[in-house]
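Novice: Predicted structure and sequence below. I'll ask about it afterward.
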Amino acid sequence: MKTLKPIIISMLFVLTGAFAYLAPTGVAAGQGKSGEAKEKGAGGSKGKGNAGSAGSAGSAGSAGSVGSAGSAGSAVVDSSGAGSGSAGIGTDAATATGSQGKPKEAGGTKFSLKSEKDRVANLNSQLKSLNSLKRNEDALRESSDPKIVAVVTFLENTEDKEALEKALVLLGDSYAALEANSDALAGEIEGAATDLSQTLAELLSAGDALTNLEGDAAALTEQLGSLDASLSEAATTLSTTLDEQVVASGTVDSLSAALDAATADNSDQELIDQLNAELAEAALALTNLNIVIEEQQATIAALEEQQATATTSLAEVNDAVALVEDEIADLSQAQTEQEKLLTELTTAEEALLIELQAALDELEGAQSEFETLEGLTTDDVLVDALVAFLINSGQTVDADGITDEMLEWAKAQLAL
């Protein structure tokens, strides 16, 4: 009800405009002071005066004794309770206080334009009649006067529509901001999901690498075990051969000494020949043993070299395993953190989507309400409100009687 004063002004000027442009030909062109007949009758009560009845103005004294001008005149009670009526009194601007004018023929239905002078005079009269309402805003707020209900409702709907239009802008901005946040959050979720996917891929790759390295380490360890066994066996064999070499060398030495002794004593040639044969055989056996020893020593050297290489390789593989294990540990930690972040972002997105849906529902609800208010604040609705105002002010008028000029003029007075 913030626009009470504009409402009053609208009543003043819409009524005046109606009086200026709408006057039945069966009604006098001049109406005095628009029927402010407030004389008390014989009963002392204020009542409606029926300007169309022959002297029977109810209890409003002689307010309606104007002959038989038909039913062209009517009177209603204004907000102060006084009877107001417009009487058919010919073409003179006589007041509706019981004075008899020259009647026109009843039954006329055509409308005629008044002069600008009469329109202005009528305007001033209407301003005076409603001036008390303008001064008493609280009374108007509590009023249920049917003259103003439709206009007040129209203005309230207009104010609500304007307020809702501003609210729609804010709701739209709020929804757009939430939508932007949702888009940004979706981008973060996509990035987090991509990071997690990459981490999982790296973990899978590192796991495969670790498996391969562990396989290599196992093979090298097995190889070293085999080399150790071979070296141990080769060392044992060499030791046996060396023992045989010692024996063979002793045999050669013994036979050489015996041959030297036999030769020095000029012993039997047969003995010497036998000793030479035995010595040659023993020497050959010793030579063969020496060859075997060299071969065995070479085998041991090769095995030791293989052992050293395998040991180095195993150490390298073990180092690589340690690195991959560290990488896997880091990736596993990253995976845990990324999964936590993704869960938090997803939870935030769910909450934001709920908020976004609520904002959308509120926006759509406000838009629907705005569209409803738009339907309640059209020119047609305002015309109906003006017609209701005029009819309840004692005029005979319908929507077709509200001209475009009157409508625009009324809008200006209502600050629409």
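Specialist: Here it is on my side, so go on. Every value quoted in this text rests on a predicted model; they were computed, and no experiment measured them.
Novice: Return the residues in contact with Ala150.
Specialist: Each residue near Ala150 by Cβ atoms under 8 Å, 6 or more residues apart in numbering is listed here: Asp384, Ala385, Ala388, Phe389. For glycine as for every other residue, the C-beta is placed from the backbone atoms N, C-alpha and C.
Novice: Quick check: Ala308 vs Leu314, distance?
Specialist: 11 Å (Cβ to Cβ, to the nearest Å).
Novice: Revised request: answer the last question for Gly225.
Specialist: Gly225 sits at a distance of 11 Å from Leu314 (criterion: Cβ to Cβ).
Novice: Likewise for Val152?
Specialist: Distance from Val152 to Leu314, by Cβ to Cβ: 98 Å.
Novice: same question, Asp273
Specialist: According to Cβ to Cβ, Asp273 stands 61 Å off from Leu314.
Novice: okay but Gln307 is in contact with Ser226, surely?
Specialist: No - with contacts counted by Cβ atoms under 8 Å, Gln307 stays clear of Ser226, the gap being 9.6 Å.
Novice: Can you give me every residue that contacts Asp376?
Specialist: Rather than Asp, residue 376 is Leu. Contacts of Leu376 by Cβ under 8 Å, 6+ apart are Phe154, Asn157, Lys161.
Novice: Give me the more crowded residue out of Ala308 and Leu314.
Specialist: Leu314 (18 against 12; other Cβ atoms under 10 Å).
Novice: quick one: the helices in the stretch 151-300 of the chain?
Specialist: 269-376 (DSSP state H, counting those that start in this stretch).
Novice: Run through it and note the low-pLDDT ranges.
Specialist: Within the stretch 151-300 of the chain, the stretches with pLDDT under 70 are 267.
Novice: Of the contacts of Ala150, which belong to helices?
Specialist: Counting by DSSP state H, the contacts of Ala150 place Asp384, Ala385, Ala388, Phe389 in helices.
Novice: Can you tell me which of the residues you listed are buried?
Specialist: Neighbour counting with 16 or more other Cβ atoms under 10 Å marks Asp384, Ala385, Ala388, Phe389 as buried within the ones in helices among the contacts of Ala150.
Novice: Dump the residues you listed to TSV, plus distance to Thr343 and pLDDT.
Specialist: Shown next, in TSV, are these (distance: Cβ to Cβ, whole Å; pLDDT from 0 to 100):
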residue	distance to Thr343	pLDDT
Asp384	60	91
Ala385	59	87
Ala388	63	86
Phe389	65	80
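Novice: residues touching Pro255, list them.
Specialist: In this structure residue 255 is Leu, not Pro. By Cβ under 8 Å, 6+ apart, the contact list for Leu255 reads Leu275, Glu278, Leu279, Ala282.
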